[in-house]
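Asks: can't give you the sequence, but here's the structure:
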């Protein structure tokens, strides 16, 4: 119930952002929601069992994956042409993005716990609704 500051959110991100991923792909993108308006926007996507705790939590994180994460690979993995692995195989790109963003979600949880915050990971939500409400017109998809 204690508010989570911008500084704390930056600390969380700093702790988790360099956790290992395949070829340093780092496909996760995180949206932190703290406002009542943001949570109301999320409400229709939540299962009834997750509704109350999500709406009353000081912050809710949506972990998404970037379907074009490979565009950053020349910087994140300069050792070879890793970008071409994924541009030539959309299925491999999607599998890699989903799998590695799931690992990054775990790193996020560990970072939160390291800073003394409670977490309540959930998968009881409508991914398509979240994608439409928060990521329409982008390359992001909720994990």
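Replies: Good, I have the coordinates. Nothing here was measured: the structure is a model prediction, and the numbers come from that model. Numbering: from 1, shown residues only.

Asks: which one's the longest helix in the chain?
Replies: The single longest helix within the chain, with elements called by DSSP state H, is helix 90-114.

Asks: what's the lowest-mean-pLDDT helix or strand in the chain packed up against?
Replies: Least confident helix or strand of the chain, by mean pLDDT, DSSP states H and E, is helix 48-56 with a mean of 93. The contact analysis (3 or more C-beta pairs under 8 Å, 6 or more residues apart in numbering; DSSP states H and E) places helix 48-56 against helix 36-42. Quick note: C-beta positions are derived from backbone N, CA and C, even for glycine.

Asks: circling back to that earlier point, after the least confident helix or strand of the chain, which helix or strand is next? Please name it.
Replies: Sequence-wise, the next helix or strand downstream of helix 48-56 (DSSP states H and E) is strand 60-66.

Asks: gap between the helix or strand just after that following strand and the chain center?
Replies: Counting by DSSP H and E, the element after strand 60-66 in chain order, helix or strand, is helix 73-76. Here the centre of mass of C-alpha atoms in helix 73-76, compared against the chain's by C-alpha atoms, centre = their mean, to the nearest Å, lies 19 Å away.

Asks: Now do the buried residues in helix 73-76.
Replies: Buried residues in helix 73-76, counted by 16 or more other C-beta atoms under 10 Å: residue 73.

Asks: what packs against it?
Replies: helix 82-87.

Asks: just checking, what packs against the helix it packs on?
Replies: Secondary-structure packing of helix 82-87 (3+ C-beta pairs under 8 Å, 6+ apart): helix 73-76, helix 90-114.

Asks: now stretch 112-129, how far from the centre of its chain.
Replies: 10 Å.

Asks: Which positions within it qualify as buried?
Replies: Applying 16+ other C-beta under 10 Å to stretch 112-129 flags 112, 125, 129 as buried.
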